[in-house]
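Novice: Let me see the structure of the following:
(one chain, ligands or ions: 1)
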Amino acid sequence: MLLAACSCGRGEKITRVPVIPAPSDVELYNGPFCEDPGNIRFKEKPSLGEDAYTLKIGRKGVTITAGSQSGAFWGMQTLRQMTESLEALPTGVINDCPRYSWRGFMLDEARHFSGKERVKLILDEMARLKLNRFHWHLTDAQGWRIEIKKYPRLTVIGSTGSHSDPDSPSVYYTQDDIREIVDYAAERNITVIPEIDMPGHAGAACRSYPEYAGGDWFGFTFNPGKEETYSFLTDILREVAGLFPGKWLHIGGDEVSYGSEAWMENPDVKALMEREGLEGVKEVESYFMHRMADSVKVLGKTLVCWDDAFDVGLGAEDQVIMWWRHDRADKLRSIAENKCPAVLCPRRPLYFDFIQDSTHRVGREWDGFNTLDDVYGFPENRYSRWELSDEELGEVLGLQANMWTETMQDKARVDYMLFPRIAALAEAAWCIPLSKDYEHFCRVLEREYERYESMGLYYFDYRDPSAHPEPQGPTVIPQKPINYFK
Ligand code: TNX
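Specialist: As a prediction, this is how the structure comes out:
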């Protein structure tokens, strides 16, 4: 049948293929078809740059031309999805490159622990969708999930408890586990960015080593007034930096005000303020962040922080800011004006702990919730409201979705919030507006739904919201960090 098609000249031209994210430039023909899709050759062309590739499909086989390993890998993903859904492979050329270099997904394992197998599954899905940054939120008030050899109590004590149960048994990644996952990600062209949150969201570390706790009596923050705190945290970052070969190191910096009122009463902090001439908690926070930013630099890494830390003036060039506060467009403006490399991950629509349907009850809402098409349409569906120019939007590093797990105590809920929104995220991050077509995307998603079924993933079915009922989450969701010192 294939040969018959081949002998009768060129078939109908195709400009769309069943691939997520949609490639930018497709010129293929329905016949002649490729007789041997398994015959793949790779060619290097450095001028193509980091992620771009060309997929040339001829009658006898396929040639993938790329500027680097990652481009070749993404080309393979395109070919793989095409062969999965097409009976015969059309011939012609696809030229493709991403809109953004940072196409990220964040998983919070501190509130609820997903574990190695789940993380690998997520990395597989990311690779398929050409997402290339896995941001790993490994520490928070509820749990510390990474082994630090110098401070064993972090995992003996800090790894017990979760958001739904402060007494749940210890779960964490050993350093061998971490290396295994980092390698697994690297084989899929994904860089892992570890986050050690400070000075707030530090409860698990503070109950393991109360001598460095400085916040209110929840132990939400480290003590910025003690010199030993800086050595403790720098030792931790040194071990972390050694485990993650990527250039980025995320030190949080978010929501410090939830615990910093107590600093004014703390004798160490008072002494620090006196010594350094600091006025008020904001200046103490700035002092802390500058000290830790210096440590990150000494360790040879690029600093990543949440947008809260932008105020403390760390210097635009050598940091990446993650803009998450969708209600603070003013912050985004000043980040853009200062030409600071930014990753856009606003709660609306890129927080995957937000519900995705009006009938859902477990998860967040804020002037609405985050539907599939809302994620898909980002950033064009939002940025005019933030008053970012096209040029400024072109300059951002990229996009990221964040999966906070306060309401995700088991894998069914993680899957439900993740699939299929992660596919929409991939199109938002990879495709220029011209190559986006929501109806086409939804048709390709039919194949993904089948794949989710066959893999036993509990996804939200947008075609029929009643098909998969919402899995329940913790009934009581504490709004404040749990008091572990009681
Ligand atoms: C805000 S985003 C947080 C997280 C919560 C999340 C819940 C950010 C930097 N901080 O600690 O888990 O909201 O949506």
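Novice: Domain-wise, how is the protein divided?
Specialist: As recorded under automatic domain parsing, the domains making up the chain are 4-96, 102-467.
Novice: Which of those domains has the highest mean neighbour count?
Specialist: Among the domains of the chain, domain 102-467 has the highest mean neighbour count (mean count of other CB atoms under 10 Å), at a mean of 20. In this view, the C-beta of every residue, glycine as well, is placed from N, C-alpha and C.
Novice: what's the pLDDT at the residue nearest the centre of the chain?
Specialist: When CA atoms, centre = their mean is applied to the chain, the residue found nearest the centroid is Phe105 (2.0 Å). pLDDT recorded at Phe105 is 99.
Novice: picking up where we left off before, distance to Gly473 for the domains of the chain - can I get that in JSON lines?
Specialist: Output for those, formatted as JSON lines (distance: least, CB to CB, whole Å):
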{"stretch": "domain 4-96", "distance to Gly473": "28"}
{"stretch": "domain 102-467", "distance to Gly473": "4"}
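Novice: between these, which gets nearest to the ligand?
Specialist: With CB to the nearest ligand atom, the closest approach to the ligand among the domains of the chain belongs to domain 102-467: 3.4 Å.
Novice: Endpoint to endpoint, the closest one covers what distance?
Specialist: Terminal residues of domain 102-467 lie 34 Å apart, using CA to CA, to the nearest Å.
Novice: same deal with stretch 406-421?
Specialist: End-to-end span of stretch 406-421 (CA to CA): 18 Å.
Novice: Distance from the chain centre to it, please.
Specialist: 15 Å (CA atoms, centre = their mean, to the nearest Å).
Novice: same deal with stretch 322-339?
Specialist: 18 Å.
Novice: what's next to that stretch, contact-wise?
Specialist: Contact with stretch 322-339 is made by 250, 254, 304-308, 310, 316, 321, 342-348, 351, 366, 385-388, 392, 395-396, 400, 402, as judged by CB atoms under 8 Å, 6 or more residues apart in numbering.
Novice: on that earlier part again, who does the helix or strand containing the residue nearest to the centre of the chain touch, helix- and strand-wise?
Specialist: Element membership for Phe105, per DSSP states H and E: strand 102-108. Counting contacts by 3 or more CB pairs under 8 Å, 6 or more residues apart in numbering; DSSP states H and E, strand 102-108 is packed against helix 116-128, strand 133-137, strand 398-403, helix 421-430.
Novice: related to what we said a few turns ago, switch the domains of the chain over to CSV; also include distance to the ligand.
Specialist: Below are these laid out as CSV (distance: least, CB to the nearest ligand atom, whole Å):
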stretch, distance to the ligand
domain 4-96, 25
domain 102-467, 3
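Novice: Might you list the low-confidence residue ranges for the stretch 301-450 of the chain?
Specialist: Filtered on pLDDT under 70, the stretch 301-450 of the chain yields the residue ranges 316.
Novice: One more: the stretch 151-300 of the chain?
Specialist: In the stretch 151-300 of the chain (pLDDT under 70), the answer is 216-218.
Novice: Strands of that one, start to end?
Specialist: 191-198, 248-252 (DSSP state E, counting those that start in this stretch).
Novice: Can you add distance to Ser260 and give those back as a markdown table?
Specialist: Shown next, in a markdown table, are the strands of the stretch 151-300 of the chain (distance: least, CB to CB, whole Å):
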| stretch | distance to Ser260 |
| --- | --- |
| strand 191-198 | 12 |
| strand 248-252 | 14 |
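Novice: For Asp464, find the nearest of those.
Specialist: Among those, strand 191-198 comes nearest to Asp464, with 35.8 Å by CB to CB.
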